[in-house]
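> no letters, just coordinates:
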């Protein structure tokens, strides 16, 4: 396995690059905008294809690298379903799994630092974001933070993991790189409380100044989504309403880009084909499955996904592959459902 | 295994705490003086007994934590045999092994950054000090540095390790924590040279300013040795000459505190018992082996080791255990040999 802990000394952020092998698929957790050049260099050097970029929560102390990485590598972006970010490619919730070739992260909803804080468990190690830090915990005094919720997340979720589980947080300011659940249980000064009320009292009296970058980082991190307007101007976009009105038209080929787990959880559009986004370049090549179907049937490909990001990127990939009229459903199945469109079992 | 990479953000130094298990023996590489409190706290929390502290070379950019750790924990200090440090407990050379319970480091002499630069190989990972950095190499323009020697150390030693070997350097300034031999071979910009002469040319034209801490750190790191004068004033010390003159006296019990490998390599004193330093506290307790021998024979225990550090610490341990008249040979077998004392096969 490739496991790289990368440090941004300006914000004290740890990012994590994960892959099962050189030459395979990669995922990155909590990337920092200013470090994207370094990540991309490392991806090239290790011959990795970045397919997923995950933020554990909406950060207030640095600008996320999610958008920039998506624009440069066409990876998909992932955050929790509670996030205030305008658009991400995929939203996850407790119990989901985030997978790439050879690796899987179990999604744990651990609110408290913010109401969109998640942790990710990968076998013997857990990425705790700002929920559980080494000998500390993430502050709970802004972004709908809640000391009470954090107590629950830490004491009843994270500390229930096996004691030897390695803890990899999103930040450290004192030179530590890793800890274990057992150590934090015993030696984290904030966790030596006898009750949730004592923890709430402790957290509510920290009197910390706001993060220096907060006024810049939070608005920037909310506007992380891919701009989908360009495609509309080019006539390559269906609004949800237009898409619903077009349902059943014989000249249109609906293509669902989401993963099997998303289809099972949220359903799909009636009559849609399934072509998962990570393989879309191959499928669009001459000789590729989707290209052959589009050519053989003469139908116009209309991509959709969860929120319109993967489908927008697929439209661009189709154009580059020579399929100039492929379109997508803006806002994805999320917008489709909100507009009252019918959903089939995935 | 417990493997902790610890960062000193002031000097950009990585230190490494190693142990095979919670509750067992530990070793630390390249500790930083200002971080000793943190190391000691972590040792307590993980219930580890620090037995060895190693510097890969005499650092010019930070003051070593070796002396402070030795004074606080009674661990032994280790550097290469070329080091300018006044006294360390043990000096190693190429091909030696540094061992603690359950772990062994193979010693590789890799001069170039300084003439006392060593690397330490532990299975699938190598601690490269300032010889090989992540996408860089240690400067070679002071402390008897040599770009030519460094080329040899890197190209003919380190880069000959298996490509997947993990590289853990003593410094990083750009947010990386680890690399591999294969990556450095291909992507380290300083290693993309066609000849040793090209490397020398490159290194001799870096035009770097001296490290800010150099004028403080180098003298402090040279004076790292334990002060042995106090024991002499208390009458608990034999000079090498006095010790040679006392050889064969029936009222004296010579005790060699060194490891088996040191005895095999450097020989020992005629008639000496062997009681390795790490177990000395147990051996000195009432009921302990050494205590029993000293009591039964009525002989005065005279400890010796390589350079007098372990023996000085053992004299203090003996006093604390109630053996008030134990003494040591100042300067160890090194001083003994220099004074012309006879040596037996170890």
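Perfect, I can see it now. The model shown is predicted, which means the values in this text are computed figures rather than measured ones.
> chain A: helices as residue ranges?
A:36-45, A:66-73, A:147-156, A:181-187, A:196-203, A:214-222, A:229-233, A:240-246, A:260-266, A:280-284, A:289-297, A:309-320, A:332-338 (DSSP state H).
> what helices and strands are in contact with the longest one?
Applying 3 or more Cβ pairs under 8 Å, 6 or more residues apart in numbering or on different chains; DSSP states H and E, one finds that helix A:309-320 makes contact with strand A:76-80, helix A:280-284, strand A:300-304, strand A:327-329, helix A:332-338. All C-beta atoms are positioned from the backbone trio N, CA, C, and that covers glycine.
> export those as JSON lines, with columns for mean neighbour count, distance to residue A:92 and mean pLDDT.
Shown next, in JSON lines, are these (neighbours: other Cβ atoms under 10 Å in any protein chain shown; distance: least, Cβ to Cβ, whole Å; pLDDT from 0 to 100):
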{"stretch": "strand A:76-80", "mean neighbour count": "26", "distance to residue A:92": "6", "mean pLDDT": "98"}
{"stretch": "helix A:280-284", "mean neighbour count": "19", "distance to residue A:92": "21", "mean pLDDT": "95"}
{"stretch": "strand A:300-304", "mean neighbour count": "25", "distance to residue A:92": "19", "mean pLDDT": "98"}
{"stretch": "strand A:327-329", "mean neighbour count": "28", "distance to residue A:92": "21", "mean pLDDT": "98"}
{"stretch": "helix A:332-338", "mean neighbour count": "21", "distance to residue A:92": "14", "mean pLDDT": "97"}
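> adding distance to chain B, write the ones you listed out as JSON lines.
Shown next, in JSON lines, are the helices and strands packed on helix A:309-320 (distance: least, Cβ to the nearest Cβ, whole Å):
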{"stretch": "strand A:76-80", "distance to chain B": "22"}
{"stretch": "helix A:280-284", "distance to chain B": "26"}
{"stretch": "strand A:300-304", "distance to chain B": "37"}
{"stretch": "strand A:327-329", "distance to chain B": "37"}
{"stretch": "helix A:332-338", "distance to chain B": "35"}
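> mind checking which of the ones you listed is nearest residue B:315?
Closest approach to residue B:315 among the helices and strands packed on helix A:309-320 (Cβ to Cβ): strand A:76-80, 61.3 Å.
> what's in contact with the closest one?
Strand A:76-80 has contacts (Cβ atoms under 8 Å, 6 or more residues apart in numbering or on different chains) with A:51-55, A:57-58, A:66-67, A:69-70, A:85, A:88-93, A:98, A:107, A:109, A:116-118, A:224, A:277, A:309-310.
> quick one: that strand to helix A:309-320, angle?
180 degrees (axes from the mean of the first three to the mean of the last three Cα atoms, to 10 degrees).
> quick one: contacts for the closest residue to chain B within the stretch 51-200 of chain A?
In the stretch 51-200 of chain A, no residue comes nearer to chain B than residue A:175, which is 4.2 Å away by Cβ to the nearest Cβ. By Cβ under 8 Å, 6+ apart, residue A:175 lies in contact with B:6, B:7, B:8, B:9, B:35, B:38.
> near chain A, list only the ones from the residues you listed.
When contact is defined as Cβ under 8 Å from any Cβ of the partner chain, the contacts of residue A:175 meet chain A at B:6, B:7, B:8, B:9, B:35, B:38.
> hang on, isn't the last one packed against residue B:4?
Which is residue B:38. No: look at residue B:38 against residue B:4 with Cβ atoms under 8 Å: they stay out of range, at 10.5 Å.
> up against chain B, what does chain A have?
Residues of chain A lying near chain B (Cβ under 8 Å from any Cβ): A:4-9, A:35, A:38, A:45-46, A:174-178, A:183, A:186-187.
> only the buried subset of those, as a ChimeraX command please.
Here is the ChimeraX command that selects the buried residues among the residues of chain A next to chain B (16 or more other Cβ atoms under 10 Å in any protein chain shown):
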select /A:4,5,6,7,8,35,38,46,175,176,177,178,183,187
